[in-house]
Each structure stands twice: as C-alpha cells, then as structure tokens.
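Q: Whatever this is, show me its structure:
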Amino acid sequence: MLYRLIMLSDENDEFRRDIKINTDATFFDLHNAILDACGYTHDQLGSFFTCDNNWNKKEEITLIPMECDSAIDNYVMDETALDALIDDEGQKLVYEFDMLAERYFYLQVAEIITRQYLEQPEVCKSMGKAPEQVLPVEVVETKPKAPAKSKQNKEDYSLEEDEDNDSFDDLDIDLEDLENLDIDNADQEL
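A: Numbers count the residues shown, from 1 in each chain. Reported below is the predicted structural model:
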C-alpha cells in the first residue's frame, strides 16, 4: 500500500509537492524524499510531528535519538514506520526542516492506495520553488514572530490551553486552505 501525501509551505503559496511512499516505509525514508523533492542537502536536523485536525502537535519523530522523560514515547525516524503513526486519509503532519528558525512544511495524507508498491518514494506532483533550506543567521535573528490571533471568540478558551498549546494557529499560513484542499480530486501529474 501507498500513501499520497500533499506537502505545502506557508512561505510560498505556489509551492506544492505530492509524494507517494509505501505505508511500511520509515519516517527517515520520508525525510529523505522531502529533502530530495526540494533539492535540499542531507546535512541538517529535522523532525516530524503528528497533528490532530486543528494542527496541534502530538507525537514527535526525531532524526536522532533524544534523551527525554521515560513517560514520553521517543520516536526515531529510522526506527518508526509510517503506518505505525499514520492511521487514515486526511491525517495531518508537520515536518520541521529548519530547526533554528522553526520553519515547517505542512503535510496531509491525501489518499491511501491499495495494491501498489514502489521501490523508492516518488514525487508525483511538483509545483513552485521550495523555500531556502536554512535562513541566514541575520534573517533568523531579525525575523519577527507572527502575531497571535485573538482567542476572544473561542468559547472553550482557557489559560492552561494557551500555555500548553503547541498549535500552529498563530502562523501566517492559512490553515483553512489545507483543510479545504480537495484531496480527493487533486491532480496526479508526473
């Protein structure tokens, strides 16, 4: 079986990559496929995060093992199969490709394809130029943080939610574009 993942960026509205990858491939295989699809070097750290439907981070999958509290699962890319953490179509992930500047790609499972297998991950759609892999240090130091959106209209807003929320609600990307993305009818151009 295969996943077809749609990958977007909040830095370039024209950027899109669709990647087909075996469901039993590892997150390391997906990491390499993303780097190759963007023309990036393989000498930078990165992390994946599974997300809920509101883009709140859940599990982190790191490139190298990290020491952490034993109560928290520690997933490592080359030891974790995609199908261990990806359950169904529509599931959301983020890939942090520039850890110093906290820059991300936003991924969504567009389709699960049965009875197919690939020797290598495949880019089946490529649009737009990928953002720079790493921003120069002076840009990172002067890069303004996106202003947080007002939470006054949220009925169930709480202070604890604000303090512990690892959500992407305050990013410049219009997350509604991802949620409204017609993944069932997305073109599968080569």
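
Q: tell me the contacts of Met99?
A: 44-47 (CB atoms under 8 Å, 6 or more residues apart in numbering). Placement of C-beta: from N, CA and C, glycine included.

Q: With distance to Thr114 added, can I get these in CSV?
A: Conversion of the contacts of Met99 to CSV gives the following (distance: CB to CB, whole Å):
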residue, distance to Thr114
Gln44, 34
Leu45, 34
Gly46, 29
Ser47, 29
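
Q: Among the residues you listed, which lie within strands?
A: Members of the contacts of Met99 lying in strands (criterion: DSSP state E): Ser47.

Q: now, which of the contacts of Met99 sits nearest Gln120?
A: Comparing the contacts of Met99 against Gln120 with CB to CB places Gly46 closest, at 19.2 Å.

Q: quick one: least confident helix or strand in the chain?
A: When each helix and strand of the chain is scored by mean pLDDT, DSSP states H and E, helix 159-164 comes last, with a mean of 39.

Q: Just the element for Leu8, please.
A: According to DSSP states H and E, Leu8 maps onto strand 2-9.

Q: so what strands line up beside that strand?
A: Partners of strand 2-9 in the sheet, by DSSP bridges, are strand 16-22 (antiparallel), strand 103-113 (antiparallel).

Q: Toward the C-terminus, what is the element adjacent to the shortest one?
A: Towards the C-terminus, the helix or strand next in line after strand 16-22, according to DSSP H and E, is helix 27-38.

Q: ok, and for that next one, which residues are buried?
A: For helix 27-38, the neighbour count (16 or more other CB atoms under 10 Å) marks 27-35, 37-38 as buried.

Q: could you dump the residues you listed to a markdown table with pLDDT and distance to Met99?
A: Compiled in a markdown table, the buried residues of helix 27-38 are given as follows (pLDDT from 0 to 100; distance: CB to CB, whole Å):
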| residue | pLDDT | distance to Met99 |
| --- | --- | --- |
| Phe27 | 98 | 16 |
| Phe28 | 98 | 16 |
| Asp29 | 98 | 20 |
| Leu30 | 98 | 17 |
| His31 | 98 | 13 |
| Asn32 | 98 | 17 |
| Ala33 | 98 | 19 |
| Ile34 | 98 | 14 |
| Leu35 | 97 | 14 |
| Ala37 | 97 | 19 |
| Cys38 | 97 | 16 |
